[in-house]
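In: heads up, no residue letters with this:
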């Protein structure tokens, strides 16, 4: 990894964006990715869309399948960090135990938990894909926030109040956070 | 991917090294990786060791588990290529159907099959980890070349006769092959 970090001119690590559906994870991940590429930082967004289409296409949405979805995403993020990349994971990851499991895959200074803190009522109002509506109607089972719990991080490495700040403000905070961790110490 | 290729100054694609156990896959993959990093090419070796320790730690060695091992490795390679890397996969991948499945994940000019062509008797003589001996004794089941078939590629993108050429000569051929495919056309 060290040789790759030297070649790329920055450290490699994973950011893990956790939060409710519609809290802004994919939006902020993509905006951050664009800002980082602009600054010649090698990065990659891993999100549900990307892993469920291929690697995890064999998995459904039962609780064990969801846990396995996250486990594999974490393992891929780990390999990508070894390959020298800044990986931006964007997954609800609702349980503290799941997030600890992912964190445990990485060395201490190579994994950061970013909490996208947005009240359920606002996420539900946004409902870009109609998922909250379907969950309320009962046509989606165990939907995080409605019929399954979300355990907020107790000590996230960064907390973004995505309902109080604009996406631009949130990305600026994320960018500051990342750039401060890019240099080899 | 295009933006990353521009940033890195080279195309991203996967090489898939296929061949018997002890045909030289991991050795050549590591040597090639070192040469490529030296030339500022972003690359990463994916091999059995790396994926079986983490991502595929839940898989055993039954035929369906082996196929799943390769499927997941192929999917990870695909994500890494999207992330701008030259991925060097090093897996026995004994069946034509398995290799076609992996190839089908990639656009046409982003996947190259490299056949490490080495006679079984030579691989068996090398036997660096004593696996052939164990397979002959019957303590490993379905061992490729002994108790399970290896289907040689009919039209590999590159064929390396690893018993007739030195590792250095083989890596030089690999390096020429890769460097010729690095520039955006």
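Out: Nice, I can see it. Remember, predicted model here, so these are calculated numbers, not experimental data. Numbers count the residues shown, from 1 in each chain, chains lettered A, B, ... in the order given.

In: can you map out the helices along chain A?
Out: Along chain A, the stretches classed as helices by DSSP state H are A:2-8, A:25-38, A:48-53, A:63-82, A:96-104, A:120-126, A:131-137, A:167-180.

In: who's in contact with residue A:82?
Out: A:1, A:12, B:44 (Cβ atoms under 8 Å, 6 or more residues apart in numbering or on different chains). Where C-beta positions appear, they are placed from N, C-alpha and C, glycine not excepted.

In: what would the helices of chain A look like in JSON lines with mean pLDDT and distance to residue B:92?
Out: As requested, the helices of chain A are exported to JSON lines (pLDDT from 0 to 100; distance: least, Cβ to Cβ, whole Å):
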{"stretch": "helix A:2-8", "mean pLDDT": "90", "distance to residue B:92": "27"}
{"stretch": "helix A:25-38", "mean pLDDT": "97", "distance to residue B:92": "35"}
{"stretch": "helix A:48-53", "mean pLDDT": "93", "distance to residue B:92": "25"}
{"stretch": "helix A:63-82", "mean pLDDT": "96", "distance to residue B:92": "20"}
{"stretch": "helix A:96-104", "mean pLDDT": "97", "distance to residue B:92": "30"}
{"stretch": "helix A:120-126", "mean pLDDT": "96", "distance to residue B:92": "47"}
{"stretch": "helix A:131-137", "mean pLDDT": "95", "distance to residue B:92": "42"}
{"stretch": "helix A:167-180", "mean pLDDT": "98", "distance to residue B:92": "39"}
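
In: relative to residue B:135, how far out is residue A:133?
Out: According to Cβ to Cβ, to the nearest Å, residue A:133 stands 57 Å off from residue B:135.

In: how near is the closest residue to residue A:7 other than its chain neighbours to residue A:56?
Out: Leaving aside its chain neighbours, residue A:7 sits nearest to residue B:40 (6.1 Å; criterion: Cβ to Cβ, 6 or more residues apart in numbering or on different chains). Distance check for residue B:40 against residue A:56: by Cβ to Cβ, it reads 33 Å.

In: neighbour-wise, which of those two wins?
Out: residue A:56 (22 against 11; other Cβ atoms under 10 Å in any protein chain shown).

In: wait, the more buried one touches residue A:70, no?
Out: No: at 9.5 Å, residue A:56 does not count as touching residue A:70 under the criterion of Cβ atoms under 8 Å.
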